[in-house]
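Enquirer: Need coordinates for the below:
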Amino acid sequence: MLPHMSSNFNWDDLRYFLAVARTGRLTAAATRLRQDHTTVSRRIAALERALATPLFERSPQGYGLTSAGRRLLVTAEAMERTAFAAHKEIQGDGPLVSGTVRIGAPDGFGSYFLAPRIGSLITEHPELRPELVALPRIFSLSKREADIAIGLSRPTEGRLYARKLTDYRLGLYAAPAYLAAHLPIERPEDLKAHALIGYVEDFIFTPELDYLPLVAPGVVPQFRSSTLIAQLQATLAGIGLCVLPDFMTAGAPGLVPVLETISIVRTFWLITHADLHDLPRIRATGDFIAREARAARALFMPEG
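Expert: Next up is the predicted model:
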């Protein structure tokens, strides 16, 4: 005998539930679903009535899942994967790639590398709506802050998939005007007499970014910023010397390398949550980013 289910339960309400669970806000969910926020609110309320339990905790910060909501999320995502698989099985021409996918990335990679290339992804999948959050921070996939995260280290905990995108090289750079106005730099010890640019210590969100002590031990930066883009702009303005990725300085002809023996290598990783990994929109977006990174290897790791 089948278990009893409320006659008010509407399967389609789960789409609205997933959108709110992943964005944490009615307005953001409404944008993903191409609906108005009142419709989203009404469908969530109807689902909670049908299940006779609250699924979200409402607060000024947004919508957070209750314990029941977290349990339903696992089931709803499994149903979503099944629906996409059914579409692929019946259509026979590949899964439909559509919907919103949020990519969380460090500001340099997101703004300088990925943003100019995202148009090709949209051309390839017109029904896909990418969102790029380019910030100097670690994104929590378990809290649904992003669907795909670009990280600087491979995760060791959680139900996460990670694949290496690319190594990238950083070097020490300065504006010609700065070098012309200051003492020559012939060896690392000379950096003690110069102004350096670096991260605000409280905003070094991963140990992989704490590379200034490797270049100039004991030297306190003259100027600090929480973002790599601000550091780049300050270096272009001649404020001082800065450790910058080659893939960013390649587009900044106003900078020259200093002490070319200084070479730091870091790695970008593409990370997805196990619950979302096989969704067509997630897989297609991840494959696109990986493909673009491979094609630009010479930009990330220039020879010599």
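Enquirer: quick one: the helix or strand harbouring I150 to chain centroid distance?
Expert: In the assignment (DSSP states H and E), I150 maps to strand 148-151. Its chain's C-alpha centre and that of strand 148-151 lie 4 Å apart, by CA atoms, centre = their mean, to the nearest Å.
Enquirer: CA atoms only for it, dumped as PDB, please.
Expert: Output of strand 148-151 as PDB, limited to C-alpha atoms (Å, rounded to 0.1, in the frame of the first residue of the first chain):
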ATOM      1  CA  ILE A 148      31.100  26.000  -8.700                       C
ATOM      2  CA  ALA A 149      34.100  27.400  -6.800                       C
ATOM      3  CA  ILE A 150      37.600  28.100  -8.000                       C
ATOM      4  CA  GLY A 151      40.000  27.500  -5.100                       C
END
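Enquirer: Could you grab the helix/strand/coil label for I262?
Expert: The three-state label for I262, taken from DSSP: H, G, I helix; E, B strand; the rest coil, comes out as coil.
Enquirer: Might one say that it is in contact with L191?
Expert: No. I262 is not in contact with L191 according to CB atoms under 8 Å; the separation is 9.6 Å. Any C-beta I mention is one placed from the backbone N, CA and C, and that applies to glycine too.
Enquirer: what touches both of these two?
Expert: V215 (CB atoms under 8 Å, 6 or more residues apart in numbering).
Enquirer: Any figure for the gap between A290 and H37?
Expert: As judged by CB to CB, to the nearest Å, A290 and H37 stand 35 Å apart.
Enquirer: likewise L270?
Expert: 32 Å.
Enquirer: Give me the more crowded residue out of the two.
Expert: Shown here are L270 and H37; by other CB atoms under 10 Å, L270 has more neighbours (22 against 15).
Enquirer: what's that one sitting at in phi/psi?
Expert: phi -100, psi 120 (degrees, to the nearest 10).
Enquirer: do you know how far it is from L170?
Expert: L270 sits 20 Å away from L170 when distances are taken as CB to CB.
Enquirer: With L183 instead?
Expert: To L170, L183 is 23 Å away according to CB to CB.
Enquirer: quick one on the thing from earlier: which elements pack onto the strand holding I150?
Expert: Contact analysis of strand 148-151 by 3 or more CB pairs under 8 Å, 6 or more residues apart in numbering; DSSP states H and E lists strand 99-105, strand 264-273, helix 280-295 as its packing neighbours.
Enquirer: same thing but at 10 Å, please
Expert: Strand 148-151 is packed against strand 99-105, strand 128-134, strand 160-174, strand 264-273, helix 280-295, with contacts defined by 3 or more CB pairs under 10 Å, 6 or more residues apart in numbering; DSSP states H and E.
Enquirer: Can you tell me which of these is most buried?
Expert: Among the helices and strands packed on strand 148-151, strand 99-105 has the highest mean neighbour count (mean count of other CB atoms under 10 Å), at a mean of 23.
Enquirer: Tell me the helices and strands packed up against that one.
Expert: Counting contacts by 3+ CB pairs under 10 Å, 6+ apart, strand 99-105 packs against helix 13-23, helix 26-33, helix 118-124, strand 128-134, strand 148-151, strand 264-273, helix 280-295.
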